[in-house]
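Asker: sequence and predicted model, in that order:
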Amino acid sequence: MVRKLKPEEQAWCIDKETGEPLINKGVQNVCIDKSTICFIDGYHSKLFIRGYSIEDLAEKSCFEEVAYLLLYEKLPTRSELAEFDDKLREERDIPEKLVNLLRNIPSDIEPMEMLRTAVSYLGNLDPERYDISRDGMYSKAIRLIAKMPTIVAYFYRLSNNMEPVKPNPDMGHAENFLYMFTGMHPDELEKKAIDTAFILYTEHEMNASAFTTVVIASTASDYYSAIVGGIGALRGPLHGYANVEAMKQFNEIGSVDRVDGWFKEYILSKKKRLMGFGHRVYRSYDPRARIFREYARMLAERNGGEVKEIYGIALRLEEIALASPLAEKGIYTNTDYWSAIVYAGLGIPVDYFCTLFAMSRVTGWTAHILEYTKENRIIRPRLFYVGEVEKEYIPIEERG
Ligand code: ACO
């Protein structure tokens, strides 16, 4: 006889004290493991990567060093960094087969969808694809970190009828990406801005995309499958695509004098969410956003024109949002708000913003995969069943 379940029939979901089901939609504040990778104090605007403050890393370090820190759990010595950097430079080229694939991917596709396909294909071509050892994972990670910028830059140029620009072994990782992408040698401000952007996006604890990579890795699946999953999760507008949406929002507003009216019409009325604002963990200003904001200012002042215009819109929008009921609810500026303007200031088209996030975050994803799988346990949550059981199966001929 069809019926609903009694609570004791799924006792594992029931709180013994209250008798209510234990449901944590969004797995908020659930710790899935112990970690030494990243600590976020969301109430006091603090972020530490392997114990180092994000401010120190952004000011004093470089992407290669932070990537090493994430993968090898310590800051490198001079020779360790040089060796790691050499490996990255050697691995920047992408196989001709992959270049051909990039030529054949529709040029109007979302760049994140291209990246998902290209990384998956790179996995097919990887000489160590069947090596699932930890050493094998390190070599694959270095290869992927090195090649993702080349993939993105090549696709951008090919889909815009421009010749790809080959990697320049004399340039650092982030600088070389900007060079391959724009075809121009970055100046000092651009070099520092792109390198800082790469550092700021390397790692951010057990967010949706990191969790996706770890879930996949926990099944003992391969490294590339895990990263492809991470790219898929990052691509959502509630996560990594928010910087794309933030820029679209600034463009939609169009001019500084329209900001107040737009905010009232769409945000205060709750018709839209303010993109680049709010965070599951931060109830204060995202410390990365503060650093991006300074680079946005420098680039806007230096570039003038449209970037300065957008910067002005973002500045006013942030000012009223921080004085609005949003801030009272703990909804503050997140990193994607100001990174959008930094990317625009560096000449990156809006639909490519999230690819930059991915090519940096692959380092953090890898650190989490390595850490979680050291003492692996498959990730397998439960659901509280509210449907019916013991329904009579009626053959299709009798269902009408
Ligand atoms: N604008 C307006 N209201 C917001 C915003 C926002 N940006 N963020 C949260 N809220 C409101 C919600 O409407 C909800 O209001 P209610 O209580 O009246 O229903 C309340 O705050 C709680 O929102 P949730 O969605 O439950 O918060 P959650 O922690 O699940 O979401 C998220 C976090 C997805 C980041 C959210 O703040 C958001 O959508 N922000 C905009 C997108 C964005 O910028 N994402 C980037 C995040 S950072 C990153 O991934 C790099």
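Answerer: The structure has been received and is ready for your questions. Numbering: from 1, shown residues only.
Asker: helix, strand or coil for the nearest residue in space to Val165 that is not next to it in sequence?
Answerer: Distances taken as CB to CB, 6 or more residues apart in numbering put Met180 closest to Val165, at 4.6 Å, once the chain neighbours are dropped. Glycine gets a C-beta too; all of them are placed from N, C-alpha and C. In three-state terms, and counting by DSSP: H, G, I helix; E, B strand; the rest coil, Met180 is helix.
Asker: do you know how far Met180 is from Val152?
Answerer: 9 Å (CB to CB, to the nearest Å).
Asker: just want to check the distance between the residue lying closest to Glu64 once chain neighbours are set aside and His173.
Answerer: Excluding the flanking residues, the one nearest Glu64 by CB to CB, 6+ apart is Asp85, at 5.0 Å. Asp85 is 8 Å from His173, where distance means CB to CB.
Asker: same question for Ala246.
Answerer: 25 Å.
Asker: same check, this time on Gly236
Answerer: Counting by CB to CB, the gap from Gly236 to His173 is 26 Å.
Asker: just checking, Leu322 touches Tyr332?
Answerer: Yes - using CB atoms under 8 Å, Leu322 is in contact with Tyr332, at 7.0 Å.
Asker: Met180 and Val152: which has the busier surroundings?
Answerer: Val152 (25 against 22; other CB atoms under 10 Å).
Asker: that one looks like it's in a helix, true?
Answerer: Yes - assessed by three-state DSSP, Val152 belongs to a helix.
Asker: for it, which non-adjacent residue is closest in space?
Answerer: Thr355 (4.6 Å).
Asker: show the pLDDT at the one you found.
Answerer: On pLDDT, Thr355 comes in at 98.
Asker: and Leu322 and Tyr332? which has more neighbours close in?
Answerer: Tyr332 (22 against 14).
Asker: return the residues in contact with the residue in the chain positioned nearest to the ligand.
Answerer: Closest residue of the chain to the ligand, CB to the nearest ligand atom: Gly278 (2.2 Å). Contacts for Gly278 were tallied using CB atoms under 8 Å, 6 or more residues apart in numbering; they are 326, 331-332, 334.
Asker: of those, just say which sits nearest to Leu315.
Answerer: Tyr332 (15.1 Å; CB to CB).
Asker: wait, isn't that closest one in contact with Arg283?
Answerer: Yes - look at Tyr332 against Arg283 with CB under 8 Å: they come within range, at 7.4 Å.
Asker: tell me the SS of Ala246?
Answerer: From three-state DSSP, the assignment for Ala246 is helix.
Asker: and it, what does it touch?
Answerer: With CB under 8 Å, 6+ apart, Ala246 has these contacts: 275-276, 336-337, 340.
Asker: cool, and Ile331?
Answerer: 274, 277-278, 321.
Asker: can you check Ser225 too?
Answerer: Counted by CB under 8 Å, 6+ apart, Ser225 has contacts 123, 216.
Asker: how about it, phi and psi?
Answerer: phi -60, psi -40 (degrees, to the nearest 10).
Asker: give me the pLDDT for it.
Answerer: The model's pLDDT for Ser225 equals 97.
Asker: likewise for Val214?
Answerer: For Val214, the predicted pLDDT is 98.
Asker: just the one 5 residues further on next, same as before
Answerer: Looking at Thr219, its pLDDT is 97.
Asker: try Arg129
Answerer: Value for Arg129, per-residue pLDDT: 86.
Asker: so it is in contact with Tyr224, correct?
Answerer: Yes - counting by CB under 8 Å, Arg129 does reach Tyr224; the two are 7.4 Å apart.
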